[in-house]
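In: Fold the following.
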Amino acid sequence: MNKPTINLIIGIAVFIFLIVLLNSFYIVSEYKQVIITQFGEPIGDAITKPGLKMKIPFIQKTNYFEKRWLEWDGDSNEIPTKDKKYIWVDTYARWRISDPLLFFQRVRNERGAQTRIDDIIDGETRDAIASFDLIEIVRSSNREFEQTEETAILDRSRAVTEIKTGREKIAHIILEQSSQKSPEIGVELIDVRIKRINYVQAVQNEVFERMKAERKRIAAKYRSEGDGESAKIRGEKERDLKQIQSEAYRTAQVLKGKADAEATKIYAKAYNLDPEFYQFTKTLEMYVASLDKETWLLLSTDIEFLKYLKSSVKR
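Out: Take a look at the predicted model:
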């Protein structure tokens, strides 16, 4: 056998040895745990201690599982409440693999575990929601609403229901019931929460119509208050205007009375100085006021009204 052939055989042998050697060792990290299977069946307990480990090459296979807490996010489900309100409930949870061997035997992998957790939590959620009224699922305490104009009107239109259990306790009930079943698949649940609650479409339409009716009532209330305030302002304006006009009329009458008194005083004084001349001027003013070119008078010649005309003719 020549040297090149020997070198080739040695190289192949070394290569096979390295492959076997590499396949004989595996690493377990701090956040992983391993189940060793041989021909598809688990061998021994789970390996949870981190480090470099050995196995039979090619015959035994490593199956890695998470040690860390994992997330489960379920789909929304339509569920009726105790008071026959149909709602969509969306939940989420945190879980971890507590028994890797049992986990592998029952569900094989995380995908299978998610499916089983869906069944467990969805079933317990449906039972819990159906056992309570909607107000218990929506609220967690009897904390009073923040009082605004709108909430005050809304509060008058509905009876206030005392919360005895509340949303957080209902979520805790779901967690307790689900935790009793999850160990059957090697899983530990640490938390279950109700992420979102929504009405079904038919109920949503009813709620929206009620909201619109409430808003219309609030708007009508505001308009009524505005009309009342407007009428009040107009009434005050009319009252103030009449008061001002009354004061002005009174002042004008006082001034007019004083002026008339002063004029009368002046007239009396002038009359006392020359009564004949005063009577003459007043008579002329009467002529001017009562006679014009289109006026016809049928009077006796001895009437007092023509006294000064007659004297003028005699002269």
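
In: which residues in the stretch 51-200 of the chain form helices?
Out: 100-106, 110-129, 134-138, 149-156, 167-181 (DSSP state H, counting those that start in this stretch).

In: Identify whichever of those helices lies nearest to residue 68.
Out: Residue 68 lies closest to helix 110-129 among the helices of the stretch 51-200 of the chain, at 11.6 Å (CB to CB). The C-beta positions use only the backbone N, C-alpha and C, and glycine is treated the same way.

In: buried residues in that closest one?
Out: Applying a neighbour-count criterion of 16 or more other CB atoms under 10 Å, one finds 110, 113-114, 116-117, 120-122, 124-126, 128-129 buried in helix 110-129.

In: Identify the residues contacting it?
Out: Contacting residues not belonging to helix 110-129 are listed as 65-66, 70, 72, 74-75, 77, 79-81, 87, 89, 91, 93, 95, 97, 103, 106-107, 137, 170, 173-174, 177-178, 181-182, 185, 187, 189, 192, 194 [CB atoms under 8 Å, 6 or more residues apart in numbering].

In: quick one: the strands in the stretch 1-150 of the chain?
Out: 25-28, 32-38, 41-47, 51-54, 60-66, 70-73, 77-80, 86-97 (DSSP state E, counting those that start in this stretch).

In: Let me have these in a markdown table, adding mean pLDDT and distance to residue 205 as columns.
Out: Putting the strands of the stretch 1-150 of the chain into a markdown table (pLDDT from 0 to 100; distance: least, CB to CB, whole Å) gives the following:
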| stretch | mean pLDDT | distance to residue 205 |
| --- | --- | --- |
| strand 25-28 | 93 | 57 |
| strand 32-38 | 95 | 51 |
| strand 41-47 | 92 | 53 |
| strand 51-54 | 93 | 62 |
| strand 60-66 | 95 | 44 |
| strand 70-73 | 95 | 28 |
| strand 77-80 | 92 | 15 |
| strand 86-97 | 94 | 12 |
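
In: TSV for the ones you listed, including distance to residue 232?
Out: Listed next are these as TSV, based on distance: least, CB to CB, whole Å:
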stretch	distance to residue 232
strand 25-28	84
strand 32-38	78
strand 41-47	82
strand 51-54	87
strand 60-66	73
strand 70-73	59
strand 77-80	52
strand 86-97	47
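
In: Of all the ones you listed, which one is nearest residue 142?
Out: Among the strands of the stretch 1-150 of the chain, strand 86-97 sits nearest to residue 142 (CB to CB), with 21.1 Å.

In: re earlier: check the contacts of helix 110-129 for burial and list the buried ones.
Out: Buried members of these, scored by 16+ other CB under 10 Å, are 65, 70, 72, 74, 77, 79, 81, 87, 89, 91, 93, 95, 97, 103, 107, 137, 170, 173-174, 177-178, 181-182, 185, 187, 189, 192, 194.

In: Which parts of the chain belong to which domain?
Out: For the chain, automatic domain parsing gives the domain ranges 3-66, 70-199, 274-314.

In: Could you look over these and pick the most buried one?
Out: The highest mean neighbour count among the domains of the chain, using mean count of other CB atoms under 10 Å, belongs to domain 70-199: a mean of 16.
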